[in-house]
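dropping the sequence and predicted coords here.
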Amino acid sequence: MRYLSILGIVTIFILLYACGGSEMEQGDKSYAEANYTLAINHYLKFKKDHPDDPKIKSKLALAYFQKGKELYTKTKNIKSFAGNYAKAESYVESPGEDPNFNKAFSSLLYELAIAYQNARPENEVQKEQYFNNTLDYLNLALEFDGDNEQAETALQKIYDENFEAMFNKGVDFYKRARREKNNDLYLSAEYYLSRADHFNPGDPKTEEYLSKVRKQTLSILKNSGPVSFCVVGYKKDKGYFLTDITASNFTSATMEIDPNNFQLELDDGSLINMDGKKTADFDKALTTKTALEPRKLLDGVLAFKVPAKTKVLAMIYTNEDGREVRKYFP
């Protein structure tokens, strides 16, 4: 029996050797030969038996990403590239400890960004989506590898080329909004001036106009959902930041508004939660969850204790699905 067991073990090793090694080794061989579909199959089989292996996720991510790039190179179909990236992203969401992987993933993110930049959109909505995807993937490429010069150069070129256009559009919408007393135009002005500020942070003219616009948009209730809000009034008082807000439910079902989901963002990067005790001092205090029917409004006061010598940049409400609604202070 002992000899039989040894013979069985030897047979297994022979079979493994004949098949080219383990599933991971075979996957690596296929990957090196640019046979990414076969590599993925081997990696998935290995992962099934070794779900906690620290290397397999990054190997799958690169294989899927490379497969997407290969399909895009052949067909110029951006959906095939993006679809395989989505599969890659399910295995790796952020930079890891392996610098070689980070560089490889960053390089592929750059390729995906340029693919979106060169893609032909079918309409204006898709054009905006492709533009945003280009920026997002270039920025993500730099997160994975800060030394990715291609991504940095491409991103700066986009910023330089689009800053003036965004600024001019924002100023034009602001001037039209003043003439026509149109809230939608103020919201458009804020959108374009915010983009300009992102492209060229600290530009004094942009910040000047953005401040003027936000004096108007702060109290405008944007028709978007599921929950939207605006700040009707605010003031600092003895270490507290007091706000009078209006919220609306833009869904077709009753929703709960939770005052604990409101936060202030300060200029030092910190987030401040609502102060329930101070809020309770006011007649229209929002201290508990409130059921809000579709298309109904909710008015109330929220108080926040803020440190001295800090500036409040924005108020944030986080919806149940994790999405944030922001209103910026001038």
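Perfect, I can see it now.

for the longest helix seen in the chain, packing partners?
Of all the segments of type helix in the chain, defined by DSSP state H, the longest one is helix 149-180. Taking 3 or more C-beta pairs under 8 Å, 6 or more residues apart in numbering; DSSP states H and E as the contact definition, the neighbouring helices and strands of helix 149-180 are helix 99-118, helix 124-144, helix 183-199, helix 204-217. (Each C-beta comes from the backbone N, C-alpha and C, glycine too.)

now the first one: average pLDDT?
Averaged across helix 99-118, the pLDDT comes to 96.

contacts for it, please.
For helix 99-118, contacts defined as C-beta atoms under 8 Å, 6 or more residues apart in numbering pick out 58, 61-62, 65-66, 68-69, 72, 78, 81-82, 85, 88, 92, 95-96, 130-131, 133-138, 140-142, 144-145, 148, 150-151, 154, 158.

likewise for the last one?
By C-beta under 8 Å, 6+ apart, the list of residues contacting helix 204-217 from outside reads 167, 170-171, 174, 177, 183, 186-187, 189-190, 193-194, 196-197, 200, 327-330.

hmm, try it at 7 Å
For helix 204-217, the external contacting residues (C-beta atoms under 7 Å, 6 or more residues apart in numbering) are 167, 170-171, 174, 186-187, 189-190, 193-194, 196-197, 200, 328-330.

buried residues, that helix. List them.
Along helix 204-217, these residues count as buried under the neighbour rule (16 or more other C-beta atoms under 10 Å): 206, 209, 210, 212, 213, 214, 216, 217.

beyond it, next helix or strand please.
Tracing the chain past helix 204-217, the next element assigned as helix or strand by DSSP states H and E is strand 227-237.

ok, back up a step: in the longest helix of the chain, what's buried?
Residues of helix 149-180 classed as buried: 150-152, 154-155, 158-159, 162-163, 166-167, 169-171, 173-174, 177 (neighbour count, 16+ other C-beta under 10 Å).

now the angle from that helix to helix 124-144?
Going by axes from the mean of the first three to the mean of the last three C-alpha atoms, to 10 degrees, helix 149-180 is angled at 140 degrees with respect to helix 124-144.

what about helix 149-180, average pLDDT?
In this model, helix 149-180 has an average pLDDT of 95.

over to stretch 64-84?
Stretch 64-84 shows a mean pLDDT of 95.

re the thing from before, let me have the buried residues of helix 204-217 in CSV, extended by distance to residue 33 and pLDDT.
Putting the buried residues of helix 204-217 into CSV (distance: C-beta to C-beta, whole Å; pLDDT from 0 to 100) gives the following:
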residue, distance to residue 33, pLDDT
206, 51, 96
209, 56, 97
210, 53, 96
212, 60, 96
213, 56, 96
214, 56, 96
216, 60, 95
217, 56, 95
